[in-house]
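[1] Model the structure of this input:
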Amino acid sequence: MYLVPEENIATTHHGAEVVDGEMCDCLLDGDTASYDLDRGFARHPIKENERGICVALARPSIINTIRLLLWDKDLRQYSYFIEVSMDKQDWVRVIDYSKYLCRSWQTLHFKPRVVRFVFT
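    Next comes the predicted model:
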């Protein structure tokens, strides 16, 4: 059994990788302080039917919390949703903030689920 409570398993240290998104080299490095307009962030097109950012965890994991940092170097705000999957075919929406304007740190809690992929 592999147990890592209270630890970020969505890092390269734990074998996670980004499978969709743009400029994702730094997304899973754990550095949440060194970012500006040129480096240190990931993104995806904000268009209908475009792929967002998808992270593949190293192994199926039970998770109930996701913490993410939305761009906060200006006054922009974002709406988003989070979906999870075991097979990248069947997705379950665990967070839906598509009708809210959000920025900076987001700590999101939901019912514990076994997941392998996280999509936003």
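
[2] hey, let's count contacts and neighbours off CA atoms from now on
    Noted.

[3] Quick check: which element contains Val55?
    In this structure, Val55 sits in strand 54-69 according to DSSP states H and E.

[4] Check Gly30 and give its pLDDT.
    Looking at Gly30, its pLDDT reads 66.

[5] Now find how far off-centre stretch 59-66 is within its chain.
    12 Å (C-alpha atoms, centre = their mean, to the nearest Å).

[6] Show me the strands paired with the lowest-mean-pLDDT helix or strand in the chain, marking each as parallel or antiparallel.
    Of the helices and strands making up the chain, the lowest-confidence element is strand 17-20, at a mean of 86, by mean pLDDT, DSSP states H and E. Here strand 17-20 has these sheet partners by DSSP bridges: strand 54-69 (antiparallel).

[7] tell me the mean pLDDT for the strand it pairs with?
    Mean predicted confidence for strand 54-69 is 92.

[8] so how far is that strand off the chain centroid?
    Worked out by C-alpha atoms, centre = their mean, strand 54-69 lies 7 Å from the chain centre.

[9] Just the C-alphas of the very next helix or strand once past that strand, formatted as CSV.
    On the C-terminal side of strand 54-69, the nearest following helix or strand under DSSP H and E is strand 78-85. Taking Å, rounded to 0.1, in the frame of the first residue of the first chain, the C-alpha atoms of strand 78-85 are listed here in CSV:
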residue,chain,number,x,y,z
TYR,A,78,-11.4,32.9,-13.8
SER,A,79,-14.3,30.4,-13.8
TYR,A,80,-13.5,26.7,-13.9
PHE,A,81,-14.5,23.2,-13.1
ILE,A,82,-12.5,20.1,-12.0
GLU,A,83,-13.2,16.6,-13.3
VAL,A,84,-11.6,13.3,-12.3
SER,A,85,-11.3,10.0,-14.0
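
[10] Sounds good, over and out.
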